[in-house]
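*Asks:* Sharing a sequence plus its predicted fold:
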Amino acid sequence: MSALRARLSATLLTVCLLLAGLAVMATPQRAAAADPGYLMVHFTGEGSTGQQIYLSHSTDGVHWNDLNGGGMVLRSTVGTKGVRDPALVRSPDGSKYWIVATDLCIDCGQSWGDSIDNGSRNLVVWESTDLVTWSQPWLLNVAGAIPDGRNAWAPEAIWDPEANDYVLYWATNVPRNGVTKHRIFYARTSDFRTVTTPQVYIERPGAQEIIDTQIIEVPSGVGDYRYVRASGDGQITLEGSDSILGTWTALGNLSGIGLTGSMVEGPMWMKFNGTDTWGLYLDQYATSGGYMPVVTTDPSHPAAYQKQAPGSYHMGGTKKRHGWILNLTPTEESRVLARWPNTAAGQLQSFNFQDRYVRHATMDVRIDPNISPADDSRFRLRPGLAGTGTVSFESVNFPGYFLRHSDYDFQLAHNDGTTRFAADATFRQVAGLADASWSSFQSYDHPDHYIRHYAYELRLDPVTTATGRGDATFRVTS
């Protein structure tokens, strides 16, 4: 009896240890308190506002917080003026970053039918050297060289050490071999401004389309392949290879854990810091449920993936749509969190025309009543670009654009990262010249000048009269 009890105890202990191990894998934890976190770049939905660039941050990879108060951080001003499916690419030495996105704006002048059969052949690209100050966007024509290529969707890119450049890949709808469908094409690039002639990269048999695919590099000693890719092609199909452009081997799919391509799409990889655990985020598009993670200790084995319980992860206040997750360095994390805190947006109300507010209109700046859209008059008061104890005014609906004086006239202008721009867009908030309970804004680089309106246009002027003091006084409202 005692021997049986001992065997039962040993068996129970083994089961408990096994379950504990599974629980650890199923709920990845942050490796250490000092580890930096993760940055997700994504869009949020249809319409001209939802189809822009948004950022979220996580300390553990499963609980996400919206940056910038849940507002967009970059807005496309080129092509269709909307973007989806952004990829965030870091150069191997960390000196450059690119965001590459689909040029597509559904429900803002373009339908799904239009975008499938006669969509943009371009991708939208931004570039940065610090992850926080971004260039103006440009269009990169990737599908124009594909005979009868009808669109360019869901771009991704990966550094290829064998060729010392990037493999850029995306989906294009094109007739080929008697079948019109989306296939994955690729081209090489070193700067995301020019590309080689596109080639077919992934094609499924018959009429089966493939649109979303993303590749992860796996360290030596984990699984059977150096690279694993997950694709949305009717299933979430996993494949492995030892070379990005080499032969890929089918590994299986995630139907064994109840996830098929009719339920989820937009696979998005990440690796948990300091662990041998990976997350694969999948967009529950069929139920409009947004992203959910599955985790694994071996990306190349479908049986190793585990779904996460709904309460074990939190995606933040905005819906996350197909994007990219970057493991941050400590320096990158500090920059990102400092650049996009959840600063509330407000308006600047005129003191002597209290039904009027500062607003931008075709990049000119004036005071108007009854502003539509209201976001044309909403700004975030950021720490001054040029000095401590100062403020700069960043547009809500054109993030990265600030109120800036030029020849004493005001414009809404894109921050080009220069010291000249920073000085022109920086002000000291002081007691209102006409009413100390309000505010006036003194120029950083012309300290005897203030922001004021004149004939409803915003100017930078010296103020010497009672009228001028009224014109230069504002209230920051919510």
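*Replies:* Nice, I can see it. Here the structure is a predicted model, which is why all the values come from computation and not from measurement. Numbering: from 1, shown residues only.

*Asks:* got a pLDDT number for Thr277?
*Replies:* Note on Thr277: pLDDT of 96.

*Asks:* ok, it to Pro293 distance?
*Replies:* 11 Å (CB to CB, to the nearest Å). Backbone N, C-alpha and C define where each C-beta goes, glycine included.

*Asks:* shared neighbours of those two, anything?
*Replies:* Listed contacts common to Thr277 and Pro293 are nil; contacts here mean CB atoms under 8 Å, 6 or more residues apart in numbering.

*Asks:* Please, where are all the helices along the stretch 301-450 of the chain?
*Replies:* 330-339, 419-424 (DSSP state H, counting those that start in this stretch).

*Asks:* so which of those helices gets nearest Asn173?
*Replies:* helix 330-339 (35.2 Å; CB to CB).

*Asks:* Paired strands for the one helix or strand Val89 maps to, with orientation please.
*Replies:* Secondary structure from DSSP states H and E places Val89 in strand 83-90. Strand 83-90 pairs in its sheet with strand 97-103 (antiparallel), by DSSP bridges.

*Asks:* just checking, next helix/strand downstream of the partner strand?
*Replies:* helix 112-118.

*Asks:* And this protein, what are its domain boundaries?
*Replies:* As recorded under automatic domain parsing, the domains making up the chain are 30-339, 345-477.

*Asks:* Just put those in TSV and tack on mean neighbour count.
*Replies:* Below are the domains of the chain laid out as TSV (neighbours: other CB atoms under 10 Å):
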stretch	mean neighbour count
domain 30-339	18
domain 345-477	18
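
*Asks:* Quick one: distance of stretch 90-105 to the chain centre.
*Replies:* 10 Å (CA atoms, centre = their mean, to the nearest Å).

*Asks:* Also stretch 254-269?
*Replies:* 22 Å.

*Asks:* Output that stretch as CSV, nothing but the C-alphas.
*Replies:* Output of stretch 254-269 as CSV, limited to C-alpha atoms (Å, rounded to 0.1, in the frame of the first residue of the first chain):
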residue,chain,number,x,y,z
LEU,A,254,-2.6,25.8,-37.3
SER,A,255,-5.9,24.0,-37.9
GLY,A,256,-4.9,21.6,-35.1
ILE,A,257,-5.5,24.3,-32.6
GLY,A,258,-8.7,25.4,-34.2
LEU,A,259,-7.3,28.3,-36.3
THR,A,260,-7.9,28.4,-40.0
GLY,A,261,-7.4,31.0,-42.7
SER,A,262,-11.2,31.5,-42.8
MET,A,263,-11.0,32.8,-39.2
VAL,A,264,-7.6,34.6,-38.9
GLU,A,265,-5.2,36.5,-41.2
GLY,A,266,-2.3,38.9,-41.0
PRO,A,267,0.3,36.8,-39.2
MET,A,268,2.7,38.9,-37.2
TRP,A,269,5.8,37.4,-35.5
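
*Asks:* wait, doesn't Leu348 sit right on Ala472?
*Replies:* No: using CB atoms under 8 Å, Leu348 is not in contact with Ala472; the gap is 11.4 Å.

*Asks:* How about Trp438, nearest residue that isn't a chain neighbour?
*Replies:* Gly432 (3.3 Å; CB to CB, 6 or more residues apart in numbering).

*Asks:* what sits against that neighbour?
*Replies:* So Gly432 contacts Phe351, Trp438, Ser439, Ser440, Thr473, Phe474, Arg475 (CB under 8 Å, 6+ apart).

*Asks:* again, 6 Å this time
*Replies:* Trp438, Ser439, Ser440, Thr473 (CB atoms under 6 Å, 6 or more residues apart in numbering).
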